[in-house]
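K.L.:
Model the following, please.
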Amino acid sequence: MPSSPLRVAVVCRSNVNRSMEAHSILRKRGFRVQSFGVGSRVKLPGRSRSRPVIYDFSTTYKQMYEDLCRKDRECYSRNGILYLLGRNDKIKPRPERFQECSDPFDVIFTCEEGVYDRVVQELCAREQVTFQPVHVVNVDIADTLEDATVGAFVICELCQSLQQADDVDSLDQLLLAAEEKTGKSFLHTVCFY
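P.N.:
Numbers count the residues shown, from 1 in each chain. Next up is the predicted model:
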């Protein structure tokens, strides 16, 4: 990798659980990281599976936290949503949409195949200005608290390996090694800015 710090993005649907867990861990490890969602709105688990709680991306994590406390503090404490929103508020004020960010990254990690497809589609639709490559890697992570933590550590290990590599072209070899170690398979493509 170049001598400058690796520029990393992590993207999930709503920028609440998986991408923010990875954001938190990568930030603690000193990486330049940003996190995003690709959905049109932020969807959180509601009191039942069929009735999610929905917010605009402009709603702050603190506002969501306060709203859910008013609605049913016990329920949203029990399912972990209040914990996530409290953690997220310490990292940044609100969720962000990937589609609204024009910052360049060296690598973008997505947390599920549908998100990977949307990120690649968005990057391909943008006008290429610098022709700088960006690697997009999908690490399938189930949207649970436990899986988000495990997935975040996989992403962190990949970032640490990339940071130590001579160049980003070794990413394919790093992904193969990670597949053998974790039993996960990764999607990978290169887009350009």
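K.L.:
just the strands in the protein please.
P.N.:
For the chain, the strands defined by DSSP state E cover 7-12, 32-37, 42-48, 51-55, 107-110, 133-139, 186-192.
K.L.:
tell me the angle the second one makes with strand 7-12.
P.N.:
Same thing as strand 32-37. Angle of strand 32-37 versus strand 7-12, following axes from the mean of the first three to the mean of the last three Cα atoms, to 10 degrees, is 20 degrees.
K.L.:
Show me what counts as buried in strand 32-37.
P.N.:
Across strand 32-37, burial judged by 16 or more other Cβ atoms under 10 Å covers 33-37. All C-beta atoms are positioned from the backbone trio N, CA, C, and that covers glycine.
K.L.:
Would you map the helices across the chain?
P.N.:
Along the chain, the stretches classed as helices by DSSP state H are 18-28, 61-78, 81-91, 113-125, 145-164, 171-182.
K.L.:
The ones you listed: which one's closest to residue 131?
P.N.:
With Cβ to Cβ as the criterion, residue 131 lies closest to helix 113-125 of the helices of the chain, at 12.4 Å.
K.L.:
List the contacts of the closest one.
P.N.:
Residues from elsewhere that reach helix 113-125, judged by Cβ atoms under 8 Å, 6 or more residues apart in numbering: 11-13, 38, 98-99, 108, 110, 134, 136, 138, 140, 187, 189, 191-193.
K.L.:
The same query, at a cut-off of 10 Å, please.
P.N.:
Here helix 113-125 makes contact (Cβ atoms under 10 Å, 6 or more residues apart in numbering) with 9, 11-13, 18-19, 36-39, 97-99, 101, 105, 108-110, 112, 134, 136-141, 186-193.
K.L.:
about what we covered before: so for residue 5, which of the helices of the chain sits nearest?
P.N.:
It's helix 145-164; of the helices of the chain, that one is closest to residue 5 (Cβ to Cβ) at 7.7 Å.
K.L.:
Quick check: can you list the domain ranges of the protein?
P.N.:
By the assignment in the TED database, the chain contains the domains 7-38+97-192, 42-91.
K.L.:
Let's have those domains in CSV, adding mean pLDDT.
P.N.:
Below are those laid out as CSV (pLDDT from 0 to 100):
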stretch, mean pLDDT
domain 7-38+97-192, 95
domain 42-91, 96
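K.L.:
quick one, which of those domains is packed in tightest?
P.N.:
domain 7-38+97-192 (a mean of 18; mean count of other Cβ atoms under 10 Å).
K.L.:
is residue 55 in a bridge, and if so with what?
P.N.:
With DSSP bridges applied, residue 55 shows beta-bridge pairing to residue 42.
K.L.:
swap that for residue 134, please
P.N.:
Beta-bridge partners for residue 134, by DSSP bridges, are residue 191.
K.L.:
what sits against it?
P.N.:
Contacts for residue 134 (Cβ under 10 Å, 6+ apart) come out as 7, 9, 104-108, 119, 123, 168, 189-193.
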